[in-house]
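In: sequence and computational prediction follow.
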Amino acid sequence: MTPNSGQILIVEQLESDREILKNLLIKEGFSVSEACNGEEAVQHFQRKRADLIFMGTEMPVMNGYDAMRQIKAEAGGDHTPIIFMTEERDEEAVVLSLEKGGDDFISKPVSRSLLRAKINAQLRIQTLNHSLQSNIRQLEWKLEQHKQTQLELHEISNYDHLTSLPNRHFFLIYLAQAIKSAEISQKKMALLLMDISKFKQINDLFGFAGGDEVLQEVTRRLHSITDSSCTLARMGGDDFALFYEEVEEVDEIGRVAGAIISGMEKPFQLEGREMTLGLNVGVSLYPDDADSPEAMLRCAGRALNFAGELGVNRYRFFEPDMVGQEDEGLEMLGSIHNALENGEFQLYYQPQVDAINRNIIGCEVLLRWNHPIQGVVSPDRFVPLLEREGLIFSVGEWVMKRAIEQHLRWLERGYPPVRIAVNFSAPELHERGLATRVIELVHHSGIAPPWFKLEVTETATVKNFDQVARTLGKIRASGIQIAVDDFGTGYSTLSYLQKLPVDIIKIDQQFIKDIPYSSEDKTLVKAVIAMAHNLGLDVVAEGVETEAQAQFLRRHLCEELQGYLFSKPLRAEEFEQLIALQVSEIEEELTLF
C-alpha cells in the first residue's frame, strides 16, 4: 500500500470516536471499514484483509489486545500494522499497547497532521517489510539453487554421468585417503585395473551410442559380480578400477579377477547382433607392491599391460621384474626411430604350398627387428610402436620394395616365380593415395602384378569400410591380388565378403590347431571353405602343423597351406635353398619319364 491509498480498519467501541477518525481518513483518501469490538475486528480481518488497523484498547466481548493477538496469528496478519488508540495522557495504556505488540499508538482526540504522519510512517515500514520479505525469499531461493548447483557440480566432478560410478578424480582421492588410514594398521589392500579388449572396434562398428551401451552393460555385470566390500570406478574410456580396502586372502582377489573375466564372456547384444568382448585385469597390492596411490596405479597398470601381452581374458598380479621388462619397452621406443636406417629390420619368408602336390607357390613376407641389445623382437611388440609413432608408412614401403626386389632376384637366378604376400596394417590401409602409391610401385618395379599380393586383416577394414573397399578395388583392378588375413577372428559376414574386393581368404590358425580332434573346428573350417568357393574365392589355411591337418584340408578342397609342417619363416637365402631343392626334385622326377 502507498500513502493515501489502501484499506484501513477502525476498531472502536464508541461510534462517535469511529466517525471522527473515519472522516479524517476519508479526507486523506483512504477506504475505511469499521468494527465495534475485538471479535468483530477478527471476523472482519478473516473476511477481508486490511492494510492498517486503528485499534481501541478496552471494548466489550473482546478487548483490543486479544484481538491484536488473534489477527497477528492470521495469514498476513503479522505484517499488518496495528496502531492503538489511547486516551490523552494515559501513559499506562500507551506502554501496555507497545508491550503487547502494537506497532504504534495515537492519543485521542486525534490530530489530523499527526494521524497522517503516523499512517505514512507505518506504511513505509510495511513497504520496507514487504521488500525485506521478498528479498529474504529470493535469497532463500538463491541459496537453494546454489545448494542444488553445488550438488550437481559434485556429481559432475566426482561421478561418471554414463555409468554413475565414481570417476577417476574421486577414485584417486578415495585411494589416497584409504592408503593414509592404512599406514598405521598396515592392512593389506588390493587395486584391480581392467580394460575391455576390442572396444575401439565396437565404436567403429556401432558408433559411440553402441560403445556407451556396452560400457553400461559392463558396469551392470561388474556390480553383479562384486559386493559392497569394494569400490568400483570408471577411470575413463574403457578402463575400470576395483579397490578392496581390506584383503584377508590374496587368493580371493585372484578368484574375483577370474569371476570378472568369466562374467564378460557372455556375448553382448547390439542392434540384434551378438558381440563377444574380452577383458584383462592387472592387480597391485598394498603394502607389498606399493605404498602410495601413484605407485599402486603404476604397478596395477604394468600388470594389466603384461596381462594383455598374454592375450585376451587374462589377469596378472604385479611382479617386480615387470619394471625391467617395461624399461625394455621404453628402450625399444627410443631406438625404433633409427632401426630402418641402421639396417636392423629383416624380412623373413614363410612358404605357402599347393595343398595337392605340396609345391611352393607363394610366401608370406614377415618383418623382424634385430634389436642391437634385445636380439630378434617379435612383431607383436614392435609393430604397435611403428603404428603409434607414425613410422609404419615408411617401413611398410620399405617392406614392399625389398620383397619385390627379392622376388625379381630369384627370377634372375632362374627360379620359378613365387607369389609374395605383404601384410598391410590398419593405418596403412586408411592412408590417402595408397592405391596410387602401390600400383605405381609395382608397375615401376617390373614385377608382374599377379605375383604380388596384399594381405589385410578383417578388423583393419572395419573403419571407413566404403573408403577401404574403394581403395582395395583400385589395387585389385591393376591385377594385384587381395587376401583377407586371420579370417574368423573379426566381424566378417557373408555380405561383408561380398562387398569387399578380395581374391583369397586365410583361415586363422586358431581354427586349425585342434583339427582333427575338435568337431566344432572341423565343421567351421568346412563351412568357411564352402562359403569362400561359392563366392569364387580361394582359401589358404594358416598354422598347419600336422599331416592330419593337411590331409583334412586337402580333402575339403582348401587350395593352399601354410605352417610349420612345411617350413618355419626363413631368411631370403634359406628360402632360396628351399626353392632350389624343390626345383631339383621336380627335375629329377621329370627325368624318370
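Out: All right, it came through fine.
In: how many residues are close by the closest residue to Pro287 other than its chain neighbours?
Out: By the measure of C-beta to C-beta, 6 or more residues apart in numbering, the closest residue to Pro287 outside its immediate chain neighbours is Gln186, 6.1 Å from it. For every residue, glycine as well, the C-beta is placed using N, CA and C. Neighbour count of Gln186, defined by other C-beta atoms under 10 Å: 9.
In: was I right to think Gln186 contacts Asp288?
Out: No - between Gln186 and Asp288 there is no contact under C-beta atoms under 8 Å: 10.6 Å.
In: what's the neighbour count on Lys72?
Out: 14.
In: hang on, I meant Ser181
Out: Ser181, neighbours per other C-beta under 10 Å, totals 11.
In: contacts only, for it.
Out: Ser181 makes contact with no residue, according to C-beta atoms under 8 Å, 6 or more residues apart in numbering.
In: about what we covered before: give me the phi and psi for the residue nearest to Pro287.
Out: Main-chain torsions, Gln186, degrees, to the nearest 10: phi 60, psi 30.
In: equivalent analysis for the one 10 residues further on, please.
Out: Reported as degrees, to the nearest 10, the phi and psi values for Ile196 are phi -90, psi 130.
In: that one against Arg221, yeah?
Out: No - in this structure, Ile196 is not within contact of Arg221 by C-beta under 8 Å, at 11.1 Å.
In: shared neighbours, those two?
Out: What both Ile196 and Arg221 touch, as defined by C-beta under 8 Å, 6+ apart, is the set Met264.
In: in terms of neighbours, single out the busier of these two.
Out: Comparing Ile196 with Arg221 by neighbour count (other C-beta under 10 Å), the higher total belongs to Ile196, at 21 against 16.
In: where in the protein is pLDDT low?
Out: Within the chain, the segments meeting pLDDT under 70 span 1-5, 88-89, 146, 149-156, 323-334, 458-464, 488-496, 589-593.
In: run through the neighbouring helices and strands of the helix or strand containing Asn120.
Out: Secondary-structure element containing Asn120, defined by DSSP states H and E: helix 112-158. On a contact count with 3 or more C-beta pairs under 8 Å, 6 or more residues apart in numbering; DSSP states H and E, helix 112-158 meets helix 15-27, strand 52-56, strand 82-87, strand 104-108, helix 168-185.
In: again, only this time at 7 Å
Out: Packing partners of helix 112-158 (3 or more C-beta pairs under 7 Å, 6 or more residues apart in numbering; DSSP states H and E): strand 52-56, strand 104-108, helix 168-185.
In: show me the domain layout of the protein.
Out: Per automatic domain parsing, the structural domains of the chain span 7-133, 168-319, 331-591.
In: is it possible to get a markdown table of the ones you listed that adds distance to Glu144?
Out: As requested, those are exported to a markdown table (distance: least, C-beta to C-beta, whole Å):
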| stretch | distance to Glu144 |
| --- | --- |
| domain 7-133 | 16 |
| domain 168-319 | 25 |
| domain 331-591 | 49 |
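In: closest to Gln148 out of those domains?
Out: domain 168-319 (19.5 Å; C-beta to C-beta).
In: so for the chain, the centremost residue is which one?
Out: The residue lying closest to the centre of the chain (C-alpha atoms, centre = their mean) is Gly237, at 3.4 Å.
In: mind checking how far it is from Arg316?
Out: Per C-beta to C-beta, to the nearest Å, Gly237 is found 20 Å from Arg316.
In: measure how the helix holding Asn120 sits relative to helix 168-185, angle-wise.
Out: Relative orientation of helix 112-158 versus helix 168-185 (axes from the mean of the first three to the mean of the last three C-alpha atoms, to 10 degrees): 80 degrees.
In: helix 112-158 to strand 52-56, inter-axis angle?
Out: 130 degrees.
In: how distant is helix 112-158 from the center of its chain?
Out: 45 Å (C-alpha atoms, centre = their mean, to the nearest Å).
In: now stretch 553-562
Out: 44 Å.
In: next, the distance between the ends of stretch 467-485.
Out: End-to-end distance of stretch 467-485 (C-alpha to C-alpha, to the nearest Å): 19 Å.
In: buried set for it?
Out: 468-469, 471-472, 474-476, 480-485 (16 or more other C-beta atoms under 10 Å).
In: closest one to Ile505 out of those, please.
Out: Using C-beta to C-beta, Val484 comes nearest to Ile505 of the buried residues of stretch 467-485, at 4.8 Å.
In: any idea which element that closest one lies in?
Out: Val484 belongs to strand 481-487 when assigned by DSSP H and E.
In: run through who's touching that strand.
Out: Strand 481-487 has contacts (C-beta atoms under 7 Å, 6 or more residues apart in numbering) with 421, 423, 450, 453-458, 472, 475-476, 501-508, 528.
In: nearest residue to Phe170 other than its sequence neighbours?
Out: Asn158 (3.8 Å).
In: correct me, but Leu24 touches Leu115?
Out: Yes - the pair Leu24 and Leu115 qualifies as a contact (C-beta atoms under 7 Å) at a distance of 5.8 Å.
In: which of the helices and strands packed on helix 112-158 sits most buried?
Out: Mean neighbour count (mean count of other C-beta atoms under 10 Å) peaks for strand 52-56 among the helices and strands packed on helix 112-158, with a mean of 26.
In: that one to strand 82-87, inter-axis angle?
Out: Computed by the same axes, to 10 degrees, the angle separating strand 52-56 from strand 82-87 equals 30 degrees.
In: run me through the strand neighbours of strand 52-56, direction for each.
Out: Sheet pairing of strand 52-56 (DSSP bridges) gives strand 7-11 (parallel), strand 82-87 (parallel).
In: in this structure, where's the longest strand?
Out: Using DSSP state E to define each element, the chain has its longest strand at strand 360-371.
In: ok, now which ones touch Val11?
Out: By C-beta under 7 Å, 6+ apart, the neighbours of Val11 are Ala35, Gly38, Ala41, Ile53, Phe54, Met55, Gly56, Gly64, Ala67.
In: if you set the cut-off to 6 Å instead, what comes out?
Out: Contacts of Val11 were listed using C-beta atoms under 6 Å, 6 or more residues apart in numbering, and they are Ala35, Ala41, Met55, Gly56.
In: mind putting these into JSON lines with distance to Gln562?
Out: Compiled in JSON lines, the contacts of Val11 are given as follows (distance: C-beta to C-beta, whole Å):
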{"residue": "Ala35", "distance to Gln562": "111"}
{"residue": "Ala41", "distance to Gln562": "108"}
{"residue": "Met55", "distance to Gln562": "109"}
{"residue": "Gly56", "distance to Gln562": "115"}
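In: closest one of these to Ala541?
Out: Set against Ala541, the nearest of those by C-beta to C-beta is Ala41 (105.8 Å).
In: okay, now the closest one: neighbour count?
Out: 30.
In: what residues of the helix or strand containing Leu232 count as buried?
Out: Element membership of Leu232, judged by DSSP H and E, is strand 230-236. Across strand 230-236, burial judged by 16+ other C-beta under 10 Å covers Cys230, Thr231, Leu232, Ala233, Arg234, Met235.
In: for the first one, give the beta-bridge partners.
Out: Yep, that's Cys230 we're talking about. Beta-bridge pairing of Cys230 under DSSP bridges involves Tyr244.
In: distance of it relative to Glu252?
Out: Using C-beta to C-beta, Cys230 is found at 11 Å from Glu252.
In: cool, and the last one?
Out: According to C-beta to C-beta, Met235 stands 23 Å off from Glu252.
In: all helices for the stretch 451-593 of the chain, in order.
Out: 465-477, 494-499, 519-534, 547-555, 572-591 (DSSP state H, counting those that start in this stretch).
In: same question for the stretch 301-450 of the chain.
Out: Under DSSP H, counting those that start in this stretch, the stretch 301-450 of the chain gives helices at 321-335, 379-388, 392-412, 426-429, 434-445.
In: ok, now which ones touch Ile53?
Out: Applying C-beta under 6 Å, 6+ apart, we find Ile53 in contact with Leu9, Ile82.
In: same thing with Val110?
Out: Leu21.
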